[in-house]
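**Q** predicted model and sequence below, questions to follow.
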Amino acid sequence: MNINTAYFAGGCFWCMTKPFDTFDGIEQVTSGYMGGHLENPSYEDVKSGTSGHYETVEIEYDVALFSYNKLLEVFFSVIDPLDPDGQFQDRGPQYQTAIFYTNEHQKELAEQYIDKLKHTIDADKAIATKILPASTFYKAEEYHQDFYKKNPERYAQEQQDRQNYKSQN
């Protein structure tokens, strides 16, 4: 196996785990924080919106079974790349979208994907998803890991809230 790592911020990390976790070739999806100025932030620090961190998922994947471009496809299928203020009902800088690249190849693929996306959407807004260099990833508290498995009712409610937000906006 050739395991690589990717990082995506797509709003609440509770809603970002399951879309990736269900594919063959995805070895691990971990919820955490990236991009801020505080060392070892807690959920409360990040939730406040003042630490500079994004709620982020770390994805370990087998490149022989799952390409980085496929990761980008999944990521963009579950976010609103035009929203600069957060994702769906989750508002604030900690819920903004970003691709954190670990090498130049990931950066190039992300740039190419966003460039193609610009030509396929009919919008007056610019793509708000940022492409940023990966920095220290801080694993979130254990109760955030595999949230959709541990709390299926609450996860279902989060998904319903997202759908309601989409239909109203």
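**A** Right, received. Where do you want to start? Numbers count the residues shown, from 1 in each chain.
**Q** for Thr30, phi and psi?
**A** When read as degrees, to the nearest 10, the backbone of Thr30 gives phi -120, psi 130.
**Q** which residues touch the nearest residue to it once chain neighbours are set aside?
**A** Setting aside the residues directly before and after it, Thr30 is nearest to Glu58 in space (Cβ to Cβ, 6 or more residues apart in numbering), at 4.4 Å. To be clear about C-beta, it is placed using only N, CA and C from the backbone, and glycine gets the same treatment. For Glu58, the contact set (Cβ atoms under 8 Å, 6 or more residues apart in numbering) comprises 5-7, 28-30, 32, 137, 139.
**Q** SS state for the residue nearest to Ile3 when sequence neighbours are not counted?
**A** Sequence neighbours aside, Glu60 is the residue nearest to Ile3 in space, at 5.5 Å (criterion: Cβ to Cβ, 6+ apart). Recorded secondary structure, Glu60: strand (DSSP: H, G, I helix; E, B strand; the rest coil).
**Q** burial count for Glu60?
**A** Number of residues near Glu60 (other Cβ atoms under 10 Å) recorded here: 13.
**Q** ok, Ala156 next?
**A** Residues near Ala156, counting by other Cβ under 10 Å, number 11.
**Q** and it, how far from Leu65?
**A** Going from Ala156 to Leu65 by Cβ to Cβ, to the nearest Å gives 29 Å.
**Q** and Phe76, by the same measure?
**A** Phe76 sits 20 Å away from Leu65 when distances are taken as Cβ to Cβ.
**Q** how about Tyr113?
**A** Computed as Cβ to Cβ, the Tyr113 to Leu65 distance reads 19 Å.
**Q** the two: who's more crowded?
**A** More crowded of Tyr113 and Leu65, by other Cβ under 10 Å: Tyr113, with 20 against 14.
**Q** what helix or strand is that one located in?
**A** helix 104-120 (DSSP states H and E).
**Q** which elements pack onto that helix?
**A** The contact analysis (3 or more Cβ pairs under 8 Å, 6 or more residues apart in numbering; DSSP states H and E) places helix 104-120 against helix 68-78, strand 97-101, strand 130-133.
**Q** would you mind finding the most buried of those?
**A** Counting by mean count of other Cβ atoms under 10 Å, strand 97-101 has the highest mean neighbour count of those, with a mean of 23.
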